[in-house]
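Novice: Compute the structure for the input listed below.
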Amino acid sequence: MSSALLFETDFSVQNKDLGGKKFDRVSRFQLESMNKDVVVVVDIATSLYPIQVNDRVTLGLCSTVNDDGTPSDGTYDQTKKLSAEAQNSEYIMHGRVFKYKYHEDNRVSIYISFGGLLMCIRGHQTKLLNIEPDSAVYLLMKRLGN
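Specialist: Coordinates of the predicted model:
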């Protein structure tokens, strides 16, 4: 596991567009980790990365996609080698953590914006402690074999 990797686990896609579809090429998915301790609600550009309910995916968050660990500024630089995690991903988004909400049961909800596509990740604080407020992050996603 790379030191730039802040969080990674496998998820099952539980729901799609629960509140109704708002945009033509984007859907909001609810993902649940395989051991049911982390829930993610995330907007995905389905025109680029079509996933469906019952798919299984690996979702990771990292601070950089550069193989040498140097910080990324959010722009793709084809002269730099990508990390192994980024090379193995099928879908990558760059965003910023904009809100933390702490809950009484030692759980936290972390909100991230990827240029208007939103994500909320909820889980125990110890699982998500590497994701810092106001930090830049990359979402890395890949389908798992069924």
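
Novice: In the helix or strand bottoming out on mean pLDDT in the chain, which residues are buried?
Specialist: Lowest on mean pLDDT, DSSP states H and E among the helices and strands of the chain sits helix 84-87, with a mean of 88. For helix 84-87, the neighbour count (16 or more other C-beta atoms under 10 Å) marks Glu85, Ala86 as buried. Using the backbone N, CA and C atoms, a C-beta is placed for each residue, glycine as well.

Novice: Renumber starting at 24 from here on
Specialist: Got it, the first residue is 24 from now on, which makes the last one we talked about helix 107-110.

Novice: Please give the centre-to-centre distance between the helix or strand just after it and its chain.
Specialist: Where DSSP states H and E defines the elements, the next helix or strand beyond helix 107-110 is strand 114-125. Strand 114-125 sits 8 Å away from the centroid of its parent chain (C-alpha atoms, centre = their mean, to the nearest Å).

Novice: and strand 114-125, what does it pack onto?
Specialist: Packing partners of strand 114-125 (3 or more C-beta pairs under 8 Å, 6 or more residues apart in numbering; DSSP states H and E): strand 130-137, strand 140-147, strand 159-166.

Novice: can you do 7 Å?
Specialist: strand 130-137, strand 159-166 (3 or more C-beta pairs under 7 Å, 6 or more residues apart in numbering; DSSP states H and E).

Novice: now the angle between strand 140-147 and it, please.
Specialist: Interaxial angle, strand 114-125 versus strand 140-147 (axes from the mean of the first three to the mean of the last three C-alpha atoms, to 10 degrees): 50 degrees.

Novice: how about strand 114-125: buried residues?
Specialist: So strand 114-125, judged by 16+ other C-beta under 10 Å, has buried residues Tyr114, Ile115, Met116, His117, Gly118, Val120.

Novice: In its sheet, which strands sit next to it, and in what direction?
Specialist: Using DSSP bridges, the strands paired with strand 114-125 are strand 130-137 (antiparallel), strand 159-166 (antiparallel).
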